[in-house]
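Generate coordinates for the sequence data below:
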Amino acid sequence: MPRTAQPSSLYDVHPGVAMVQNAMAKLKEKSGRDLDEWIAFIKKAGPATEKERRDWLKREHGMGTNYSWWLAERAEGKGTEEGNPEEYLRVAVVYVEEMYAGAKAVLRPIHDELLKLGRKLGKDVKVCPCKTIVPLYRNHVFAQIKPVTRTRIDLGFAFGNMKASGRLIDTGGFAKKDRITHRIPLTSVKEIDDEVNQWLKKAYEMDG
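Model (predicted):
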């Protein structure tokens, strides 16, 4: 699976897609059934709801948490983007469109400008949207774009236990073992200044 986006895509394939692909490839060996066989079995013999199916797969079939969630979702016809690069890239566009729908549409120019800055940092930058955030990866997530209100985007950074200074705000993430530990709130494109650029560059370099 390619690590970066296809030329026609605005975004890049999330690293988690490869993880799911690898896990599904080992499913037959680990459990005696491949994905299609599990889906058919769940529909025939499993409980009615997705939650009940997750619990059933853990309790009755010894599945771990990840496999239980993946299989229960697939039996519902959901989650196909998690293990398919092309499907993920299609859904990634939808994630971003929905993120900035309605009243949050005014934040889209901020988002787009931050993506431009992120891409300029290096060819190894990957932009991998999720449903509520847009993480920027190098080797790991080094920054993320998150519309938190109708008037504000938080640009988050992975700075570990570094002391906050300037416009940086400590999120408390380091103590909670979160990847994102600092943020800068942004309410307009004008606020994306040299300081923001420097912090974004530092986060990128720290993940080298």
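
roughly how far is stretch 70-90 from the heart of the chain?
14 Å (C-alpha atoms, centre = their mean, to the nearest Å).

Now do it: everything it contacts.
1-2, 5-6, 9, 11, 13-14, 16-17, 20-21, 23-24, 35, 38-39, 42-43, 46, 50-51, 53-54, 57, 63, 91 (C-beta atoms under 8 Å, 6 or more residues apart in numbering). C-betas here are computed from N, CA, C, even on glycine.

Can you give me the domain assignment for the chain?
What automatic domain parsing lists as the domains of the chain is 15-85, 102-206.

Any chance of the ones you listed in CSV with mean neighbour count and distance to V96 as columns?
Converted to CSV, these look like this (neighbours: other C-beta atoms under 10 Å; distance: least, C-beta to C-beta, whole Å):
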stretch, mean neighbour count, distance to V96
domain 15-85, 16, 14
domain 102-206, 17, 5
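
looking at the ones you listed, which has the lowest confidence?
Mean pLDDT values for those show the minimum at domain 15-85, a mean of 90.

All the helices of the protein, in order from the start?
Taking DSSP state H to define them, one finds helices in the chain at 15-25, 27-31, 35-45, 50-61, 65-75, 85-99, 108-120, 194-206.

Now G83: closest residue in space, sequence neighbours ignored.
Counting by C-beta to C-beta, 6 or more residues apart in numbering, V20 is the residue found nearest to G83 once chain neighbours are left out, at 3.9 Å.

Scan the chain for its longest strand.
When the chain is scanned for its longest strand (criterion: DSSP state E), the result is strand 141-147.
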